[in-house]
Structures are given as C-alpha cells and as structure tokens.
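# got a sequence here, can you model it:
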Amino acid sequence: MSSLDNALRELREKRSHAVVEIEKLDRLISGIESLHGAGAAEVPDNTVQPKRIISAASRRKMAMAQKARWASLRKNSQPVLVAVKSAGSVPAKRTMSASARRKIAVAQKARWASLRKNSQPVALVAKSTGSAPAKRKISAAGRKKMALASRARWAAFRAAKKKAA
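Residues are numbered from 1 along each chain as shown. Below is the predicted model of the structure:
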C-alpha cells in the first residue's frame, strides 16, 4: 500500500509543478503579445487578470465625458409621450382640478347631511361657555343597562376564576 501512496504523492507533485510551469508560460506569452500589440489571444479561465488601476484625475475626466455624452443625447432626443398603458405598469399620477375637488367636497357634505338627517337624534347638554361642542348625555335607562351588563361580565369572570382555582 505504501508504494501506491508514494506513487500517488509523486504524481500529484509533478502535476502541481506542471501547473506552475503552465502559468509561467502563459504569463510570458501574454507579455510578449502585449509588446507585439496583438493582445491576449486566449486567456485560460483559471488565471487571475491584474486589476486595472485608474487615477482619480482619470476617473473625473471619464465621468465628465460620460455626463457630456448623456447631455448631448438628452438635447438631441425628443420627449416621449406615453399614451398607451402597458400591461403591469404603474398608472400615471393624475392631478385633480380645484373645481373638481370642490364638487367632490360639496357632494360629500350633502351625503353626510343626509346621513345625519336620517339617523336617530342624540340628546345634547349645552355647556355654559358655548365655545366647546356639547357632550352627549346617556339616559337613565341606558346607564342602568350598562351597569347590569358590567355586573354580569364581572360575575362571569369571578365564576371562571373560582372554577380554575
């Protein structure tokens, strides 16, 4: 078994040396091609390309040039009118005229007035100051019903607590 392990180890070492040798040859080839001006013909996928470093001044110049290109494109282009709504798109925001808003407000006030007119009247108690709105007053019968309901709820609560204990 140890002879097989040794043979396997030697083969792996040879393979790693061969990979290193191939990478060196690839670098030499790309260096010569760059001097010749041909560029890299074929770059293997497993090699790492050096990162391109650009100075801050060059980046500023590139940004200004790109902004100028976009500005010229915007200047020469015609404004696009979107007349047809595409499926799945967000509808365009619509503004309402002041007269339309007034009409809606008047109609809503009329609806509320008719609801108030048809609803049951609530007994109001007038305040002495007159500036604050009047408070609602609960009738004696209503107070009695509320008290009875509250007592019944508490009795049920106590019974459930007693039963659980």
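# which secondary element of the chain has the worst mean pLDDT?
Here the helix or strand of the chain ranked lowest by mean pLDDT, DSSP states H and E is strand 124-125, holding a mean of 52.
# after that strand, next one along is what?
As assigned by DSSP states H and E, the chain's next helix or strand after strand 124-125 is strand 135-136.
# what's the first helix or strand after that following strand?
Going down the chain from strand 135-136, the next helix or strand is helix 140-164, by DSSP H and E.
# now that next one, how far from the centre of its chain.
49 Å (CA atoms, centre = their mean, to the nearest Å).
# mean confidence score for it?
Regarding helix 140-164, the rounded mean pLDDT is 94.
# kindly report the same for stretch 91-105.
Rounded mean pLDDT across stretch 91-105 is 89.
# buried ones in the longest helix seen in the chain, by neighbour count?
Taking DSSP state H as the criterion, the chain has its longest helix at helix 2-36. Using 16 or more other CB atoms under 10 Å as the test for burial, helix 2-36 gives 26, 30. In short, each C-beta sits where N, CA and C put it, glycine included.
# right, and the helix or strand after that helix?
Counting by DSSP H and E, the next helix or strand C-terminal to helix 2-36 is helix 56-76.
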